[in-house]
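>>> Predicted model follows, preceded by the sequence.
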Amino acid sequence: LWNRGQDMSVFKKISRKLSSSSKDVKDEVSSPKVMSYGALATSDNVEKEEPNSIQGVYSKTQNSFIDDLFSFAERSVPQSIVVAIVIGVVCGISAFVYYRILWGLLQYVWHTLPNKFIVDQWDSDYYALWIPIVGFLMAAGVGLSVKYVGEPGDLPYTIKCVHEDGYIDILHMIPMVLASQFSIIGGGSLGPEAPLVAICACLGGFISMRLFKRKNRNTVRKHTLMGMAGALAAFFGSPLGGSLFALEVNNRFGIEYFEHAVESIFCGEVTLAVFRGLAGLPIAPIWDIKAPTLDGATPDHVLIGTCLGLLGAGAAALFANFHWTLMGWLKKNDLLRNERAVPRAFIGAIGIVSIGLVFPQTMFWGEYEFPTIVNMKDASSLVHIWPTAGLFGFEMRDAFTAFLVGVFKLIAISFTVAGGYRGGFIFPFFATGAAFGRAINAIFPFVPIPLACLGMAAGINTAITRTSLATPVILCFLGGQQNAMTGVLTASLVSLFATSYMPFMKSQVPRNDIDIAMFFNPNNEPQVVEHDDHGAQSAEEEKSKLTVV
């Protein structure tokens, strides 16, 4: 167990619980009672137990499939299938609408408007002014939406709600849509993945409580996790990797909501099919890494992955300390309150725009900038930003320029988060890893480009998000480099271990209901408690250490 502020009393509590149940265990061994798999535990077939023991039904199967289907039995397989399909369809449609709006606005703001009003009308020396014009206008939109529309929350806040309440209030959805759209269109180094997670989490819990009238907290939590898994599966195009990410990100060391994994992955498949079908997007790798594809893995890849994981963990640690320093300065100047959201966003925009003018590869969330970085293409291949040359026509040509892009991408991510922008930092860390990977390959040519870039991306992202299993699955799928999995997974695991005492999101805490995870007693389980001030404030990043007891 990973707990904060726990002392030796936890061991005493466990010892008392084990002692009280030892007699029951001996009696069961000497004269076992035969029960059917998943049978209902009643007074007729179960001996009286001590108060600390578990009594109930197995979560997944209770009677027969037909009976559970027509009775819509709580936590049963038929119930999970029906709810997963409904949540998957709703979340798939919602993700499609969000995606279409975002892409339409990106195209209009960064291409249609400048081509119509600037090209051939301004002196070309002044084209770069479009970057700060859009950047600061969108920063104002971020601040005003947070101040007047409402608190949108963020990824740490979403995780906090999953643990404590089992759901995210639907009132956060519209503020999140507005704040995240302004954030992304403004060129911030945060992507659509976290907003989609929050939106679909809201929808999952809402459907559970309003449509299906569920009140059991762990049941509602399962449906919330279904929404989260669906969002990431659809966005990444990887149903297993995206769903695992949604499950892993809630804790610091592995999947603790393990009993919801299968249903969440199934919902991810449904959401993926709906979203990709509506958007006309393929379910296939999206990055073409212009380097020889690895023919296979060798034992050397484990050693290389270890080194990459340590380097990625080190880069993440430097980023975390820089970010905590920046957040401390904002707190000292009373800029973290939502009433000060506009000046806070402008401070973020100063960092984003200043870096973007010099290093245009650092603008936006990195999903479509990744091919330019990993292949060291000309800046003219950048998809979103206009003008692509920035202010000085910077290009990635060697190890030093690749290293600069990696460093300033991390700084841009920090300013984006500190400025109160809303979005996900998964793809931004992937792009950062690609830049550092190209620098490593230039210095050590024996390290394959796919392994160097994907391994560094895994090391950095895992250190911050704690998703050691999902990250390599997603990276190798997106890059079409399945033979890099051995080294990338090694980098991810090593980074997880190396940063075990450096938690970035304090809401990633151990669950406190593990004793009832696999069994259900309708008369003795926590129920959902709805309250008016749900999510008044978002969770903050933390600097304190993780205590292992």
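Okay, I see it. Numbers count the residues shown, from 1 in each chain.
>>> List the residues that contact the residue lying closest to residue 433 once chain neighbours are set aside.
Nearest residue to residue 433, sequence neighbours excluded (Cβ to Cβ, 6 or more residues apart in numbering): residue 457, at 2.7 Å. Just so you know, the C-beta spots here come from the backbone N, C-alpha and C atoms, and that holds for glycine as well. Contacts here follow Cβ atoms under 8 Å, 6 or more residues apart in numbering; on that basis residue 457 touches 312, 429, 430, 431, 432, 433, 434, 437, 471, 475.
>>> Wait, residue 187 touches residue 352, no?
Yes. When contacts are counted by Cβ atoms under 8 Å, residue 187 is listed as touching residue 352 (6.0 Å).
>>> Please identify which of those two sits among more neighbours.
residue 352 (33 against 30; other Cβ atoms under 10 Å).
>>> could you say which helix or strand contains that one?
Using DSSP states H and E, residue 352 maps to helix 341-358.
>>> and that helix, which residues are buried?
341-357 (16 or more other Cβ atoms under 10 Å).
>>> Beyond it, next helix or strand please.
helix 370-374.
>>> for this protein, what spans make up the strands?
57-58, 519-520 (DSSP state E).
>>> could you say what helices and strands the helix holding residue 352 packs with?
helix 130-144, helix 399-418 (3 or more Cβ pairs under 8 Å, 6 or more residues apart in numbering; DSSP states H and E).
>>> Buried deepest among those helices, which one?
Comparing those by mean neighbour count (mean count of other Cβ atoms under 10 Å), helix 399-418 ranks first with a mean of 23.
>>> How far does that helix sit from its chain's centre?
20 Å (Cα atoms, centre = their mean, to the nearest Å).
>>> packing partners for that helix?
Right, helix 399-418 is packed against helix 299-332, helix 341-358, helix 426-443 by 3+ Cβ pairs under 8 Å, 6+ apart.
>>> Residue 529 reaches residue 164, doesn't it?
No. Here residue 529 does not reach residue 164: they are 9.5 Å apart, not a contact under Cβ under 8 Å.
>>> Looking at those two, which has the bigger crowd around it?
Remark: of residue 529 and residue 164, residue 164 carries more neighbours, 15 against 11, as counted by other Cβ under 10 Å.
>>> Any idea how many residues pack against the residue nearest to residue 514 when sequence neighbours are not counted?
In this structure, residue 514 finds its nearest non-sequential neighbour in residue 256, 7.2 Å apart by Cβ to Cβ, 6+ apart. Using other Cβ under 10 Å, residue 256 has 21 neighbouring residues.
>>> correct me, but residue 149 touches residue 174?
Yes. In terms of Cβ under 8 Å, residue 149 counts as a neighbour of residue 174; the distance is 6.7 Å.
>>> Quick check: chain neighbours aside, which residue is closest to residue 281?
residue 237 (7.1 Å).
>>> any idea of the pLDDT on the one you found?
Looking at residue 237, its pLDDT is 92.
>>> got a list of what it touches?
Counting by Cβ under 8 Å, 6+ apart, residue 237 has contacts 272, 276, 281, 282, 283, 284, 286, 477, 478.
>>> and if we set it to 10 Å?
272, 275, 276, 281, 282, 283, 284, 285, 286, 474, 477, 478 (Cβ atoms under 10 Å, 6 or more residues apart in numbering).
>>> Just the buried ones from these?
Looks like those have 272, 275, 276, 285, 286, 474, 477, 478 buried, using 16+ other Cβ under 10 Å.
>>> Residue 117 - how many residues pack around it?
Close neighbours of residue 117, defined as other Cβ under 10 Å, add up to 11.
>>> ditto for residue 392
11.
>>> Relative to residue 99, how far out is it?
33 Å (Cβ to Cβ, to the nearest Å).
>>> follow-up on the earlier one: overlap in contacts, residue 187 and residue 352.
131, 132, 135, 138, 139, 362, 363, 364, 412, 416, 421.
>>> what's the pLDDT at residue 123?
The model's pLDDT for residue 123 equals 91.
>>> let me fix that: residue 521
For residue 521, pLDDT reads 62.
>>> can you check residue 217 too?
88.
>>> wait, it sits on residue 165?
Yes. If you go by Cβ atoms under 10 Å, residue 217 and residue 165 touch, sitting 7.5 Å apart.
>>> Overlap in contacts, these two.
The contact lists of residue 217 and residue 165 share 528, 529, where a contact means Cβ under 10 Å, 6+ apart.
>>> re earlier: how near is the residue nearest to residue 433 to residue 372?
Counting by Cβ to Cβ, the gap from residue 457 to residue 372 is 15 Å.
>>> Between the two ends of stretch 182-195, how far is it?
12 Å (Cα to Cα, to the nearest Å).
>>> List the buried residues for it?
Buried residues in stretch 182-195 (16+ other Cβ under 10 Å): 182-195.
>>> Kindly report the same for stretch 84-103.
So for stretch 84-103, counting by 16+ other Cβ under 10 Å, buried means 84, 86-92, 94-96, 98-99, 102.
>>> Low-confidence regions, this protein specifically.
Residues of the chain meeting the criterion pLDDT under 70: 1-62, 516-525, 531-549.
>>> May I have the residues that are in contact with residue 287?
Taking Cβ under 10 Å, 6+ apart, one finds 367-368, 370-371, 374-375, 430, 434, 450, 453-454, 475, 477-481 in contact with residue 287.
>>> run the last query once more with 8 Å
370, 371, 374, 478, 479, 480.
>>> Same check on residue 377?
371, 396.
>>> now swap in the one 4 residues further on and tell me
Residues touching residue 381, when contacts are defined by Cβ under 8 Å, 6+ apart, comprise 371, 372, 388.
>>> Return the closest of the residues you listed with respect to residue 379.
Distances from residue 379 to the contacts of residue 381, taken as Cβ to Cβ, are shortest for residue 388 (4.8 Å).
>>> Just to check, that closest one is in contact with residue 382?
Yes. Using Cβ under 8 Å, residue 388 is in contact with residue 382, at 4.6 Å.
>>> more neighbours, these two?
Neighbours per residue (other Cβ under 10 Å) separate residue 388 from residue 382, with residue 382 holding more: 22 against 17.
>>> looking at it, that one is touching residue 370, isn't it?
No. Residue 382 sits out of contact with residue 370 when judged by Cβ under 8 Å, with a separation of 10.8 Å.
>>> Fine, thanks again, bye for now.
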